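Trainee: everything below, folded, please.
(chains A and B)
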There are 2 protein chains.
Amino acid sequence: MMLLIKLFQFMLMFHAFYSTNSNPSKPNVILMLMDDMGWGDLGVLGNPAKETPNLDRMASEGALMTDFYAPNPLCSPSRASLLTGRLPIRNGFYTTNDHARCSYTPQYIVGGIPDSEIVLPELLNKAGYRSKIIGKWHLGHQTQYHPLKHGFDEYFGAPNCHVGPYDNKKQPNIPVYRDADMIGRYYEEFKIDKSGESNLTQMFIEEAIAFIEKQHQTGEQFFLYWTPDASHSPHYASKSFLGTSQRELYGDAVMELDYGVGQILGKLKELQIENNTFVFFSSDNGAALSGGAYVGSNGPFLCGKHTTFEGGMREPSIAWWPGRIKPGKIVHELGSLMDLFATAVDIAGMKLPADRVYDGSSLLPVLVDDKMNKNKTIFYYRGNELMAARRGMYKAHFWTWSEGIPTLHLEYCPGMQVEDVTTRNLTNHMAQPVLFHLGRDPGEKFKLKLNTAEYKKGLQFIMEAVIEHKKTMIPGQPQLNMCDKGIMNWAPSGCETLNKCLHGPPSNPFKCSWPV
Amino acid sequence: MMLLIKLFQFMLMFHAFYSTNSNPSKPNVILMLMDDMGWGDLGVLGNPAKETPNLDRMASEGALMTDFYAPNPLCSPSRASLLTGRLPIRNGFYTTNDHARCSYTPQYIVGGIPDSEIVLPELLNKAGYRSKIIGKWHLGHQTQYHPLKHGFDEYFGAPNCHVGPYDNKKQPNIPVYRDADMIGRYYEEFKIDKSGESNLTQMFIEEAIAFIEKQHQTGEQFFLYWTPDASHSPHYASKSFLGTSQRELYGDAVMELDYGVGQILGKLKELQIENNTFVFFSSDNGAALSGGAYVGSNGPFLCGKHTTFEGGMREPSIAWWPGRIKPGKIVHELGSLMDLFATAVDIAGMKLPADRVYDGSSLLPVLVDDKMNKNKTIFYYRGNELMAARRGMYKAHFWTWSEGIPTLHLEYCPGMQVEDVTTRNLTNHMAQPVLFHLGRDPGEKFKLKLNTAEYKKGLQFIMEAVIEHKKTMIPGQPQLNMCDKGIMNWAPSGCETLNKCLHGPPSNPFKCSWPV
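Mentor: The predicted model follows:
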């Protein structure tokens, strides 16, 4: 009898082991990151046009995070932080060429994601995940920075923004890759019409659907980083979406992206894997307000992309995981894209590497178990400078700067002007930080009076966290200082096969000037 | 046989007649009008604090009207227009003391609602409705302007704003009425604590519930005008709501009002009369932004109360009528509080009087039958001047003025400044109106370039309606020109019984100066 029981126990163990391999118990992770989409662009977050029915439904089925931030008001640093779980000042996505200057990765940037950084798919692969990036990478375009060299198994998209068209003489058009090799260039094989017509978003949707279906068939758990860029200027939409919104091309692009979200969530439900898939939707920075009338909306928040005001970094954010996250939940816990790194690691049943500082923490306690952490702090950086910090309802500005690009007539805070706050020049408030209560004043319009009891208490609460933060801060080596027109996308891997290799100028590195 | 059929027909007719009287087939009408609540104060319209669960549910069960306007950016004119279906320039709620000056009904105003105006309950009473006003009247406080003299059957509330406390020597505290007589005064029998604690909203809720229950028992169809004023400065909330919001006293007040909406809709469901009751929620003007940090939110819109920018007149608006209005509907048709007059008349099965011009039309076609009218025009007035007009997506400003009250350091557009638009002085743009496309630019930040094809087409579309409007405009006699400290609420009807009659100065009429 004893022997029979032992044998049965062994069979159970074997079965469990076998099951783990054929039917992964680890949930899939999908991070959907939009480009320059603003907090106020979603119907559920108050856009008057209410043109995001799929995102609104996603929020009603999942958790809306109202106080969720990008780690930086600009795309490359924000994306590097999402994928490393660390602030740009640590992972190197900043510049020291100038004080408090935002920077990113145009195609003449020399730097990119350092090998020393652990990129999310590198970790997840250890837990048996297959990872794919669809859309914009933006973490460096030179060979050593290719996503397949930093943990991703599959790639469909481009290393840089889809700006152009270029003449391929002074500047090459941006290549589009499938996995290791380029398969064409924007404006050439991958058309973006002057009118804004392009099928790119549809391609990004199809790629996602195909990847999910493939992974479902193989039964292998997956990480999908879905990051289409139609809402970044120059905006585009496919023919059937053009002219359908109340907000011209920008709105059409948002409607098509919203449609894509609906398609992907629908596919998960169709395959009945929605209970085993954590999906998070967000954006890489606030809406760019410098594009004239064709811009996104940051809702009630001050300024936009490029700035450390709420409009620059507060993001439209939704967590979705049927069966695990209660439908219709509203989460006020402060959060950041960097939390998604820790969350994905948590979902995969792993721990964060102990050899470095991480700036995020898992969101599962608040999302799944309703355990809210009221002590989190958001640090708002521009380049090498901590501009502001938020803890609880209070936000302190240590430095302010609303400057646009005067030569290009670009404004970062059009129509907004708060005295001593939206300062045209970089202004030091360290002696008396400007304090706002974001609960009653989300728009950062009414400064708390200096030296009131509330001011002192609020500032002290923030400063405790700031002092701790600065004490342990070791800046990484800045990656966004040097530029070189010789290293642009002249001859990406695969260009020979396509007969699309171009000849660039010889290497001639120079200090990048920001803003470019 | 023929005789039998005739007899049967007669019985049917008799039955129909009898049914009409004992079981009213006419639906009840409830208009909920908030005071100074902003478009951006509702969760469903994007407030980051998401503290209006009952209103959010009301929207999901009814129709959210995203492009719905107050007829005026100030309380009295807006309320007079709601109840008369006509613009202030017609019904007399404006001043000619100064050009384009906003005015209202403080307690030393001489004027009020003229007898020549047909107030909504006067019409509805003809259709067998019993009408009650709960909350703020604001259409004049002298005896001849009492709500019971203008169609209401019942009254619980006050004729003016609850500002104070006054010393009852230079200025009396505002009386609270039950029906014809005062039953006390604010800050005396009806406490509003300095801390903001007051049970007034609870009283207004209880009054509404009791009225609905009474009418349900008698079976008599009713019109309830529920207009509590806790969100108007000085804000107040009852003890159990104080400190519960993320937005201090203002947020607490909004949460209690939201609770009240939930209670009223819940009562209708409990009594199973929700399918026979049309409910509309809105606000009298945009949130006042001049109150420092304790202010409401106008979401993405420009400026606030007092102005003819979107923040001054775009209102949070929800129509609710289970079984008739499809749940979760989003309505983009332009609308105005004045449409509610025509809608209520339509619901009561009546026609608008033909002897005067009405500025609204019934919303039932779009709400119930999905028939959208794309040709409606919104006219934005300040006092005697047409400042702006919207038709379709285009809004033209003919005059702009953002002036606050410098002596009181009050700002109508704090933190906002759009060149040549938020002008400190009344500025004439008639020669070249400032044009915005509100679909892609709801915040009125990006002026359309003059003389472009779009500018010309948009302006022409608006001007067609403006020319027609001006052609037929006959201004009413201005009611808000004269003031008199002798006619304040010294001795309202009922004061003898309570022994609360006060002695004021002799009558001494003077031209009111606006803003006061």
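Trainee: nearest to chain B: which residue in chain A?
Mentor: A:Gly46 (1.6 Å; Cβ to the nearest Cβ). For every residue, glycine as well, the C-beta is placed using N, CA and C.
Trainee: what about the lengthiest helix in chain A and chain B, touching?
Mentor: Assignment by DSSP state H gives helix A:248-270 as the longest helix of chain A. Yes - Helix A:248-270 lies within reach of chain B by Cβ under 8 Å from any Cβ of the partner chain, at A:248, A:250-251.
Trainee: about what we covered before: hmm, the residue of chain A closest to chain B is touching B:Ala49, no?
Mentor: No - using Cβ atoms under 8 Å, A:Gly46 is not in contact with B:Ala49; the gap is 11.9 Å.
Trainee: which residues of the stretch 351-500 of chain A fall in helices?
Mentor: For the stretch 351-500 of chain A, helices defined by DSSP state H, counting those that start in this stretch occupy the ranges A:364-369, A:453-471, A:495-498.
Trainee: which helices and strands does the longest helix of chain A pack with?
Mentor: Other helices and strands packing on helix A:248-270, by 3 or more Cβ pairs under 8 Å, 6 or more residues apart in numbering or on different chains; DSSP states H and E, are strand A:28-34, helix A:53-61, helix A:200-218, strand A:277-283.
Trainee: for the stretch 301-450 of chain A, what lies in contact range of chain B?
Mentor: A:302, A:330, A:332, A:393, A:414-418, A:421-422, A:437-446, A:448.
Trainee: how about the helices and strands packed on helix A:248-270, which one is nearest A:Pro478?
Mentor: strand A:28-34 (23.5 Å; Cβ to Cβ).
Trainee: which of the residues of the stretch 301-450 of chain A next to chain B fall within strands?
Mentor: Residues of these located in strands (DSSP state E): A:330, A:437.
Trainee: A:Lys169: neighbouring residues, count only.
Mentor: 9 (other Cβ atoms under 10 Å in any protein chain shown).
Trainee: circling back: so how do I select the buried members of the residues of the stretch 301-450 of chain A next to chain B in PyMOL?
Mentor: Here is the PyMOL selection string for the buried members of those, based on 16 or more other Cβ atoms under 10 Å in any protein chain shown:
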select buried, chain A and resi 302+330+332+393+414+415+416+417+418+421+422+437+438+439+440+441+442+443+444+445+446+448
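Trainee: quick one: contacts for the spatially most central residue of chain A?
Mentor: Nearest residue to the geometric centre of chain A (Cα atoms, centre = their mean): A:Asp284, 3.5 Å. Contacts for A:Asp284 (Cβ atoms under 8 Å, 6 or more residues apart in numbering or on different chains) come out as A:33-36, A:70, A:75, A:78-79, A:82, A:227, A:315, A:337.
Trainee: what do you get for A:His99?
Mentor: So A:His99 contacts A:383-385, A:426 (Cβ under 8 Å, 6+ apart).
Trainee: in a markdown table, list these along with neighbour count, pLDDT and distance to A:Leu268.
Mentor: Shown next, in a markdown table, are the contacts of A:His99 (neighbours: other Cβ atoms under 10 Å in any protein chain shown; pLDDT from 0 to 100; distance: Cβ to Cβ, whole Å):
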| residue | neighbour count | pLDDT | distance to A:Leu268 |
| --- | --- | --- | --- |
| A:Gly383 | 24 | 96 | 39 |
| A:Asn384 | 17 | 96 | 41 |
| A:Glu385 | 19 | 97 | 41 |
| A:Leu426 | 17 | 95 | 46 |
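Trainee: widest-spaced pair of those?
Mentor: Greatest spacing in the contacts of A:His99, by Cβ to Cβ: A:Asn384 and A:Leu426 (12.0 Å).
Trainee: who touches both of those two?
Mentor: With Cβ under 8 Å, 6+ apart as the test, A:Asn384 and A:Leu426 both reach A:99-100.
Trainee: chain center to stretch A:106-117, what's the gap?
Mentor: Offset of stretch A:106-117 from its chain centre (Cα atoms, centre = their mean, to the nearest Å): 17 Å.
Trainee: what comes up buried for that stretch?
Mentor: In stretch A:106-117, counting by 16+ other Cβ under 10 Å, buried: A:106-114, A:117.
Trainee: helix, strand, or coil at A:Pro114?
Mentor: Secondary structure, DSSP: H, G, I helix; E, B strand; the rest coil: A:Pro114 is coil.
Trainee: now it: how far from B:Phe278?
Mentor: Separation of A:Pro114 from B:Phe278 (Cβ to Cβ, to the nearest Å): 64 Å.
Trainee: quick one: low-confidence parts of chain A?
Mentor: For chain A, applying pLDDT under 70 flags the ranges A:1-24, A:293.
Trainee: so what's A:Asp98 closest to, chain neighbours aside?
Mentor: A:Trp514 (6.2 Å; Cβ to Cβ, 6 or more residues apart in numbering or on different chains).
Trainee: count the residues that sit near A:Gly458.
Mentor: What A:Gly458 shows, counting by other Cβ under 10 Å, is a neighbour count of 22.
Trainee: strands along the stretch 301-450 of chain A, start to end?
Mentor: A:317-320, A:329-331, A:335-336, A:377-382, A:385-391, A:394-397, A:399-400, A:427-428, A:434-437 (DSSP state E, counting those that start in this stretch).
Trainee: highest mean neighbour count out of those?
Mentor: The highest average neighbour count among the strands of the stretch 301-450 of chain A, using mean count of other Cβ atoms under 10 Å in any protein chain shown, belongs to strand A:335-336 at a mean of 29.
Trainee: to B:Lys456, which of the strands of the stretch 301-450 of chain A lies closest?
Mentor: Here strand A:399-400 is closest among the strands of the stretch 301-450 of chain A (Cβ to Cβ), at 40.4 Å.
Trainee: now for that closest one, which elements pack on it?
Mentor: Partner elements for strand A:399-400 (3+ Cβ pairs under 8 Å, 6+ apart): strand A:385-391, strand A:427-428.
Trainee: make TSV out of the ones you listed and add distance to B:Lys456.
Mentor: Converted to TSV, the helices and strands packed on strand A:399-400 look like this (distance: least, Cβ to Cβ, whole Å):
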stretch	distance to B:Lys456
strand A:385-391	44
strand A:427-428	42
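Trainee: those: which one's closest to B:Glu213?
Mentor: Comparing those by Cβ to Cβ, strand A:385-391 comes nearest, at 47.4 Å.
Trainee: residues in contact with the closest one?
Mentor: A:99-100, A:308, A:334, A:375-381, A:395-401, A:438, A:461-462, A:465-466, A:469-470.
Trainee: burial count for the closest residue in space to A:Ser233 that isn't next to it in sequence?
Mentor: Of all residues beyond its chain neighbours, the one nearest A:Ser233 is A:Gly291 (5.5 Å), with distances taken as Cβ to Cβ, 6+ apart. Neighbours of A:Gly291 under the rule other Cβ under 10 Å: 20.
Trainee: does A:Gly291 sit in a helix, a strand or a coil?
Mentor: Looking at A:Gly291 with three-state DSSP, the answer is coil.
Trainee: circling back to that earlier point, which of A:Gly46 and B:Ala49 has more neighbours?
Mentor: A count of neighbours by other Cβ under 10 Å puts A:Gly46 above the other of A:Gly46 and B:Ala49, at 27 against 22.
Trainee: circling back to that earlier point, so which of the contacts of A:Asp284 belong to helices?
Mentor: Those of those lying in helices (DSSP H): A:75, A:78-79, A:82, A:337.
Trainee: in the stretch 1-150 of chain A, which spans are helices?
Mentor: A:2-22, A:53-61, A:75-84, A:88-91, A:120-126.
Trainee: I'd say A:Arg185 and A:Leu502 touch.
Mentor: No - under the criterion of Cβ under 8 Å, A:Arg185 makes no contact with A:Leu502, lying 9.5 Å away.
Trainee: so what sits against both of the two?
Mentor: Joint contacts of A:Arg185 and A:Leu502 (Cβ under 8 Å, 6+ apart) are A:Pro172.
Trainee: what about A:His141, neighbour count?
Mentor: By other Cβ under 10 Å, neighbour count at A:His141 equals 24.
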